[in-house]
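> Next one to model:
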Amino acid sequence: MITARVKDPDLLPYGVFVAERDSVIYDRKYRPIVRVPGQWPDCDSACATVVDPTEWITHDRKEWFYDDGTVPRRNKATRERLQGIVDSIPTLANEIERRDKIADLAEKKERNAAFKNYRIAQLSPASQTKLKEWSDKREARRLKRLDRFFELDDAGYAKWLAQGRPWSDAKKIERWSERRFREHLEQAMPIVPFPAPVRAAPPRYLFETISDLRKLPAAKWLVDKWIPEEGVGLIFGEYAGGKSFILFDLLLHLAYGLSDWHGAKLPGEPRDVLLIAREGSKGFGERIDAFKAHHGISADPDRLVFMRSPTNLGDPAQFEELKAAIAASGRQFKVVAVDTVGRALPGEDFYDAKSITGFMERLQQLGEIGQGVAIGVHHVNKSGDAFGSVYFGASSDFMFLVEREGDGQLVRGKITCAKMKDGEDGWKRRVDYGKAASSLVVASVTEGGDMMGKALKLSDDDRLALQALGEALKAKGQLRPEFPGRSVTLNEWLDQCFKIGGVSPVAAKPMRDLHRRQVKLLTNRMILVQDQLVRIIDQTANAHAAIPMATPAGQFPPIPPRQT
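Numbering: from 1, shown residues only. Below is the predicted model:
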């Protein structure tokens, strides 16, 4: 057995790389020494082969002889143990001994160079100049001598490498070694990036003061004061009331990149918009032609995309499939519109709070795919409110009621802002329609919606609800900086309705009944609602709202718990 007394402790085996079904033993400077077939320690040490120290070893795991987190101790027991590993693999012992000799030669060369530099420093400047000239000439003669072997054949060079770089002709070996060193330097080495810094996860629950809230950015609008850049909302109205015309006109303005929508500022650049069209798809071509003729545009919109395949947003599997399809389209849709909600929720109970809340959440997620807004087109019930659960309104950031004037041809209509989360609601706009090509177009949207048509007739319950609001304002009305005038909360209004009428104390869903009264009063521009706060716009209207009501005998029934 060959025994090599290791001079340099750094050359002692320190660990094992398991690489490509072999075990590579390396020193504590992570330089490979020998490769042993098999998995360490159950491997054949007699078949160990020497590894080039410059070779890049890829490995999938590490096993340390020392894994205590410190530099290996150089005591007697440690050296004896490591020496035992060296002695058990003859090839390893020979390679370490060879590297010891190379290290000795390098150290000797370094000492000679240092001594040479010292002697040169003792010479005079003139002598140093002569010595440098002599050295340069000698190097030039060496390079000239090597130039004879510059055109050495590649086959001989490859054979020399394959045979393990044996020693033969000194001049050839010198030239080949220089070539191999140059190729090694030019070879791209693997880059191991530094690990990315670990970022602390944001807190799930954030507690903020009013000063923190004031630092939040202002609301960003896709359509100024109408539709925010992100969120979810509804455009609702009666059948053939013009709601689809309004939506289609808005989508075309955005797709063509027009600067404004009937006076409301737009981004001014073309935006991708998606219309999930389950109604009226046959007339889209005529509507686009009419829009182009009205605005003097010749090209078809390439940013307006239709999706006419049947889909059920109430089915989680179909919804996830639709989300994946929208994401895979490669477009950033700033508006995703569903026309109509009824066709997108086949068979669903529209008065079920869970179903409607889930639908509004899914609708908003469709808009969030492109960091945009989602809009649903919906019908109304007999009371003029959005058909179905009150959670249509509770889950919306904005709601617009679209009405037509008269029963004949659609010529004029009205848009009422029933809800605006980030602004004032209750305002109205007049809509005029015109004929272009073979279809109607939205000619203008202007001020003056308050003067159009007759106000909705108030029922006795509507008047009682308005009277209850007036009494609640007198008793509990407060001035708030975020809302003009004295206002009360919707819950305070509901409590007063329980006392004098307008909403039955034993109703199954009293908040839904109050919402119906609220929409009627909003449509007649008698109240203002914003962020769960309500006030009367015209205080004189309250004087004419009360109706005689006989005082019931006995005690009022107890107020039931609210169902919000």
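> Straight-line length of stretch 338-354, end to end?
Distance between the two ends of stretch 338-354: 20 Å, counting by C-alpha to C-alpha, to the nearest Å.
> centre of the chain versus that stretch, how much separation?
Its chain's average C-alpha position is 28 Å from that of stretch 338-354, according to C-alpha atoms, centre = their mean, to the nearest Å.
> Check stretch 374-392 too.
Distance, stretch centre to chain centre, for stretch 374-392: 31 Å (C-alpha atoms, centre = their mean).
> tell me which element Gly233 is part of?
Element membership for Gly233, per DSSP states H and E: strand 231-237.
> Also Pro267?
Per DSSP H and E, there is no helix or strand for Pro267.
> which ones are touching the closest residue to it other than its chain neighbours?
Spatial nearest neighbour of Pro267, excluding adjacent residues (C-beta to C-beta, 6 or more residues apart in numbering): Leu222 at 7.1 Å. To be clear about C-beta, it is placed using only N, CA and C from the backbone, and glycine gets the same treatment. Taking C-beta atoms under 8 Å, 6 or more residues apart in numbering, we find Leu222 in contact with 228-229, 254, 266-267, 334-335, 372-373.
> Please report how far Leu222 lies from Glu230.
Separation of Leu222 from Glu230 (C-beta to C-beta, to the nearest Å): 8 Å.
> ditto for Ile33
According to C-beta to C-beta, Ile33 and Glu230 sit 61 Å apart.
> cool, Tyr118 as well?
Noted for Tyr118: a distance of 75 Å to Glu230, by C-beta to C-beta.
> Compare those two (neighbour count), which wins?
Each of Tyr118 and Glu230 had its neighbours counted (other C-beta atoms under 10 Å), and the higher figure belongs to Glu230 (18 against 9).
> from the chain's centre, how far out does the one helix or strand Lys435 maps to sit?
Secondary structure from DSSP H and E places Lys435 in strand 428-436. Distance of strand 428-436 from the chain centroid (C-alpha atoms, centre = their mean) equals 39 Å.
> nearest to Leu469, of the contacts of Leu222?
Pro228 (28.2 Å; C-beta to C-beta).
> what residues are up against that closest one?
Counting by C-beta under 8 Å, 6+ apart, Pro228 makes contact with 219-222, 373, 397-398, 421-422.
> And the residues you listed, which of them are buried?
Neighbour counting by 16 or more other C-beta atoms under 10 Å classes 221-222, 373, 397-398 among those as buried.
> where exactly do the helices run in the stretch 351-500 of the chain?
353-368, 391-394, 460-476, 490-500 (DSSP state H, counting those that start in this stretch).
> right, and the ones you listed - which one's nearest Thr523?
The closest of the helices of the stretch 351-500 of the chain to Thr523 is helix 460-476. By C-beta to C-beta, the value is 10.4 Å.
> the inter-axis angle of that closest one versus helix 490-500?
110 degrees (axes from the mean of the first three to the mean of the last three C-alpha atoms, to 10 degrees).
> And helix 460-476, how far out from the chain middle?
Relative to the centre of its chain, helix 460-476 is centred 46 Å away, using C-alpha atoms, centre = their mean.
> just checking, what packs against it?
For helix 460-476, the elements it packs on are strand 483-489, helix 490-500, helix 510-523, strand 533-536, judged by 3 or more C-beta pairs under 8 Å, 6 or more residues apart in numbering; DSSP states H and E.
> Tell me which of the ones you listed sits most buried.
Highest mean neighbour count among these (mean count of other C-beta atoms under 10 Å): helix 510-523, with a mean of 23.
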